[in-house]
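> Mind looking at a prediction? Sequence and model below.
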Amino acid sequence: MIGDIYSKTPVSTFQPSKEVADFTSYVQKDYSYGQEILTKPWMELGDLSVTERDNRDKMTFNAFVDENVEDPSEAWKWKGTRSKARNKAIAMHAQLTAGYIIPMFMAQNENDEEDRDFSDIMRDIIEWMVYNSEYKSSFLAVSMGMLVNTVTYLGAEYAEVYQKIKEKTAKGFTTKEILDEVLSGFKAPVYSAEQILISNAYEQNIQKQRCIIKRRFIDYTEAQAKYGDHENWDYIQPGVRSVFNGSDGIFYDIKDDDHPFLVEEATYLNRREDTEVCFLGGIYMGDSDPDANPIRHRDNRNAPKYNVTPFGYQRISEHFFFYKSLMNAQYWDNMLMDAQYEMGMNRIFLDTNMPIAVSGSDKIDSDVIFPNSVVAFQDKDTKVTPLLPQANIGAMFAGMNAAERSMEESSVSGITAGQLPQGEQKATTVSIAERNAKTLLEGVGKTLAESIVQYGDLMADCAIQHLTVPQVEELAGGKTKMKYRSFILNEKVVAGKSASKVIKFDESLLGMEMTDEDKRRRNLELLQETGYPNNKKHLYLVNPELFARRKYLCIVEPQRMFPQNQEFMQAMAMNLQQVFQNNPYISLEALTRRTAHAFLRGDAEDIMQEPQQQMMGQTPQTPAGAQAMNKATAMGMQGLGVSA
């Protein structure tokens with residue numbers, strides 16, 4: 001959207017109305033200031049700009065080595081890196097991504113009363129969104145980005161994009177528009193620091209930024225699929241940016257040599273003014289009225305929100321927006337270790353092939369220097385003297401070990417990363433190192449959890465605004481009807497049994513008031529519909545109006561972000577089985593299913609059988625069948641989503 005205009009710069013064919021031109025000029029100023037924030041040196045980043053800091057940290061992570069040698073006499077020296085900083089980042093990333101983090105939710109009604117049923121339904125819908133989008137791959141990318149970059153953003157977007165297809169009919173081929181499933185649905189794009197422009201570098205809460213600008217370069221055909229129907233689409237050219245010149249009020253076309261076949265998509269968002277407008281190559285793609293462009297992402301109160309969340313490794317100060325990456329924290333220790341290793345390796349090379357000084361008339365060269373050679377000097381005064389004194393190589397490598405221990409203080413220890421402890425290390429030392437690494441990991445986890453909480457709120461907004469509303473379904477004869485969505489989650493554990501959960505938003509519940517007896521009768525019908533007691537799925541009916549009316553608070557517990565290993569869970573399940581085996585308040589069947597699931601996961605149901613009949617003379621406290629039926633009915637009543 002910005003660029004240098006010269007006397008020979010061609011005038012653009014795009015010359016909009018004064019209102020659009022004034023708005024474009026206003027956005028260009030924010031764009032220019034956001035670009036300045038990225039390129040301005042900051043004391044918090046070591047007197048480097050965000051772009052320079054990111055480039056340096058990327059080189060550290062990629063173990064960059066400058067192999068260019070201008071002086072031939074220096075070519076023999078070892079050029080390389082131990083890649084310790086990169087290895088630490090990979091080990092930390094493995095710990096952070098030991099499990100995909102799915103936020104928990106607590107639903108509240110207008111009276112601030114907790115509703116656990118709607119909380120569970122929201123969590124299930126968010127889980128469905130996770131497994132039906134690129135969230136998993138995006139989570140891996142953003143968790144690695146927070147270790148390498150000053151900031152990495154994760155977006156929560158929902159799009160409906162249509163594509164044209166050709167259908168063969170009796171009269172030939174006709175063109176029809178269908179939903180493009182590749183570009184449509186919930187999306188979790190990852191943005192780098194340079195792709196999001198902010199307005200205040202000393203405001204950490206992104207929702208308090210006066211404005212943000214999301215920018216990326218996309219293919220011309222993708223831009224056409226999203227914006228091809230706009231009245232200004234004919235002005236879009238790949239590799240060209242239209243820049244508004246405020247001095248004469250004219251747009252000029254500037255050639256973009258860095259992206260000759262792409263189009264810049266810059267989306268301006270201003271939360272306070274409730275404005276969201278996209279510019280393609282600097283050309284306005286909003287409504288003809290600049291004031292009629294509300295932000296698309298909204299919460300259940302219909303309030304606008306920025307739909308991106310920043311992620312980072314460590315906060316630098318109490319106000320600075322950008323983060324200190326792991327590569328930034330490890331930079332100087334990594335450089336010191338490489339310098340020490342370079343000196344040590346070069347000295348080993350010299351000690352192995354020691355340069356010598358020869359005095360006398362005899363010739364000493366590579367012709368006589370080889371293993372087991374015996375040389376007789378003719379000149380009795382000939383002497384061979386090493387040029388370098390004996391070096392203390394051990395002290396060099398001791399310094400490397402000290403630098404490596406310093407690097408572990410800002411990341412995970414080698415033991416946590418899977419390395420075996422050294423033989424001379426005591427168990428107490430290993431335990432302390434593990435505890436310190438766990439403390440550091442939980443600290444990083446809290447920073448990650450803070451961002452996940454913000455992102456979970458955005459996901460809940462998308463679920464309420466787009467997934468709980470009816471869709472138009474085309475029927476035979478060209479007729480249409482409104483239909484709500486259903487969500488299927490496979491391999492879920494319900495009451496200790498592995499089954500499929502089906503969540504259905506039912507329009508018949510809208511405005512309906514049901515007594516407890518009505519709910520019970522309806523749930524018995526659902527049990528029969530699912531084929532109880534041999535059912536392989538659980539059906540939950542939800543009132544979409546009540547579900548959307550709730551306020552959902554996102555919760556992430558850092559202590560639970562890092563799952564226990566399977567052996568620990570199996571041992572805990574076996575202990576619980578023994579402790580609660582004779583407890584009358586515990587369902588032995590459900591506990592047995594939990595224990596079997598800890599060992600066999602989805603195959604646990606194959607080894608389960610129905611509880612045997614009670615032996616003669618014994619009276620159970622609660623019949624097994626009635627107990628199971630009561631639980632199933634209660635679960636079904638939760639799924640109705642109708643307030644009592």
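Yep, that arrived.
> CA atoms for contacts and neighbours, from now on please.
OK.
> what's the strand or helix carrying residue 56 packed up against?
Assigned by DSSP states H and E, residue 56 belongs to helix 50-61. Secondary-structure packing of helix 50-61 (3 or more CA pairs under 8 Å, 6 or more residues apart in numbering; DSSP states H and E): helix 18-39, helix 84-96, helix 135-148, helix 326-352.
> Report the angle between it and helix 135-148.
Put simply, helix 50-61 runs at 100 degrees to helix 135-148, going by axes from the mean of the first three to the mean of the last three CA atoms, to 10 degrees.
> and for helix 50-61, what are the contacting residues?
37-42, 45, 83, 85-86, 89, 148-150, 193-194, 325, 327-328, 331 (CA atoms under 8 Å, 6 or more residues apart in numbering).
> how about the helices of the stretch 201-350 of the chain, start to end?
Ranges of helices in the stretch 201-350 of the chain, per DSSP state H, counting those that start in this stretch, are 220-227, 326-352.
> Mean neighbour count, those: which tops it?
Highest mean neighbour count of the helices of the stretch 201-350 of the chain: helix 326-352, a mean of 19 (counted as mean count of other CA atoms under 10 Å).
> quick one: residue 111 from residue 512, how far?
Summarising the geometry, the distance separating residue 111 from residue 512, computed by CA to CA, to the nearest Å, is 20 Å.
> Looking at these two, which is more packed in?
Set side by side, residue 111 and residue 512 show unequal neighbour counts under other CA atoms under 10 Å, the larger going to residue 512 at 10 against 6.
> Next one: residue 76 from residue 253, what distance?
Between residue 76 and residue 253 the distance is 52 Å, computed by CA to CA.
> Of the two, which one has the most company?
residue 253 (21 against 10).
> Just give me the residue right at the centre of the protein.
In the chain, the C-alpha closest to the average C-alpha coordinate belongs to residue 139, at a distance of 2.4 Å (CA atoms, centre = their mean).
> so what's that residue closest to, chain neighbours aside?
Excluding the flanking residues, the one nearest residue 139 by CA to CA, 6 or more residues apart in numbering is residue 100, at 7.5 Å.
> Measure how buried that neighbour is and give me the count.
Applying other CA under 10 Å, we find 16 residues neighbouring residue 100.
> Verify the stated contact: it with residue 137.
No. With contacts defined as CA atoms under 8 Å, residue 100 does not count as touching residue 137, sitting 9.9 Å away.
> In a strand, the residue nearest to residue 139, correct?
No. The secondary structure assignment for residue 100 gives coil rather than a strand, going by DSSP: H, G, I helix; E, B strand; the rest coil.
> distance of it from residue 513?
Using CA to CA, one obtains 39 Å as the distance from residue 100 to residue 513.
> and if you look at residue 43?
The span separating residue 43 from residue 513 equals 62 Å under the rule CA to CA.
> Residue 399 too?
In this structure, residue 399 lies at 75 Å from residue 513, with CA to CA as the measure.
> got it, and residue 107?
With CA to CA as the criterion, residue 107 and residue 513 are 20 Å apart.
> More neighbours: which of those two?
Neighbour comparison, residue 107 and residue 513: the larger count goes to residue 107, with 22 against 11 (by other CA under 10 Å).
> Give the bridge partners for the more buried one, please.
The residues listed as beta-bridge partners of residue 107 by DSSP bridges are residue 115, residue 552.
> Quick one: residues contacting it.
When the contact criterion is CA under 8 Å, 6+ apart, the partners of residue 107 are 114-116, 118-119, 550-553.
> most neighbours, which of those?
The most crowded member of the contacts of residue 107 is residue 118, carrying 27 neighbours; neighbours defined as other CA under 10 Å.
> Just give the closest residue to that residue, not the sequence neighbours.
The spatial neighbour of residue 118 that comes closest, neighbours along the chain excluded (CA to CA, 6+ apart), is residue 107 at 6.0 Å.
> Look at the one you found and report its pLDDT.
According to the predicted model, the pLDDT of residue 107 comes to 88.
> before we move on, what about residue 612?
According to the model's per-residue confidence, residue 612 sits at a pLDDT of 55.
> where's stretch 204-218 relative to the chain centroid, distance-wise?
When C-alpha coordinates are averaged (CA atoms, centre = their mean, to the nearest Å), stretch 204-218 and its chain have centres 17 Å apart.
> And for stretch 224-243?
A distance of 31 Å separates the centroid of the chain from that of stretch 224-243, by CA atoms, centre = their mean.
> same question, stretch 501-517
Relative to the chain's own centre, stretch 501-517 is displaced by 35 Å; criterion: CA atoms, centre = their mean.
> residues making contact with it?
Residues lying outside stretch 501-517 but in contact with it, judged by CA under 8 Å, 6+ apart, are 121, 468, 484-490, 492, 537-545, 642, 644.
> For PyMOL, write the select line for the buried members of those.
In PyMOL, this line selects whichever of those come out buried by 16 or more other CA atoms under 10 Å:
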select buried, resi 121+468+484+486+487+488+489+492+537+538+539+540+541+542+543+544+545+642
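> Restricted to strands, list the contacts of stretch 501-517.
486-490, 492, 537-542 (DSSP state E).
> now those residues in JSON lines, with distance to residue 506 and pLDDT?
Supplementary listing: the ones in strands among the contacts of stretch 501-517 in JSON lines, determined by distance: CA to CA, whole Å; pLDDT from 0 to 100:
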{"residue": "486", "distance to residue 506": "9", "pLDDT": "87"}
{"residue": "487", "distance to residue 506": "12", "pLDDT": "89"}
{"residue": "488", "distance to residue 506": "15", "pLDDT": "87"}
{"residue": "489", "distance to residue 506": "17", "pLDDT": "85"}
{"residue": "490", "distance to residue 506": "20", "pLDDT": "81"}
{"residue": "492", "distance to residue 506": "22", "pLDDT": "75"}
{"residue": "537", "distance to residue 506": "18", "pLDDT": "78"}
{"residue": "538", "distance to residue 506": "15", "pLDDT": "80"}
{"residue": "539", "distance to residue 506": "12", "pLDDT": "84"}
{"residue": "540", "distance to residue 506": "10", "pLDDT": "86"}
{"residue": "541", "distance to residue 506": "6", "pLDDT": "86"}
{"residue": "542", "distance to residue 506": "6", "pLDDT": "88"}
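> Show the contacting residues for the closest residue to residue 143 other than its chain neighbours.
Nearest-residue entry for residue 143: residue 93, 6.8 Å, with adjacent residues in sequence omitted and distances by CA to CA, 6+ apart. Residues in contact with residue 93 (CA under 8 Å, 6+ apart) are 143-144, 147.
> Same check on residue 308?
153-156, 455.
> for residue 127, same thing?
Applying CA under 8 Å, 6+ apart, one finds that residue 127 lies in contact with residue 102.
> got it, and residue 296?
276, 304.
> redo that, cut-off 10 Å
Residues touching residue 296, when contacts are defined by CA atoms under 10 Å, 6 or more residues apart in numbering, comprise 157-158, 269, 274-277, 302-307, 465.
> buried residues in stretch 509-529?
Using 16+ other CA under 10 Å as the test for burial, stretch 509-529 gives 509, 519-520, 522-524, 526-527.
> Measure how far it is from the centre of its chain, please.
Remark: stretch 509-529 is offset 40 Å from the chain centroid, using CA atoms, centre = their mean.
> sorry, back to before: which of the contacts of helix 50-61 are buried?
Judged by neighbour count, with 16+ other CA under 10 Å as the criterion, the buried members of the contacts of helix 50-61 are 37-38, 41-42, 45, 83, 85-86, 89, 148-150, 193-194, 325, 327-328, 331.
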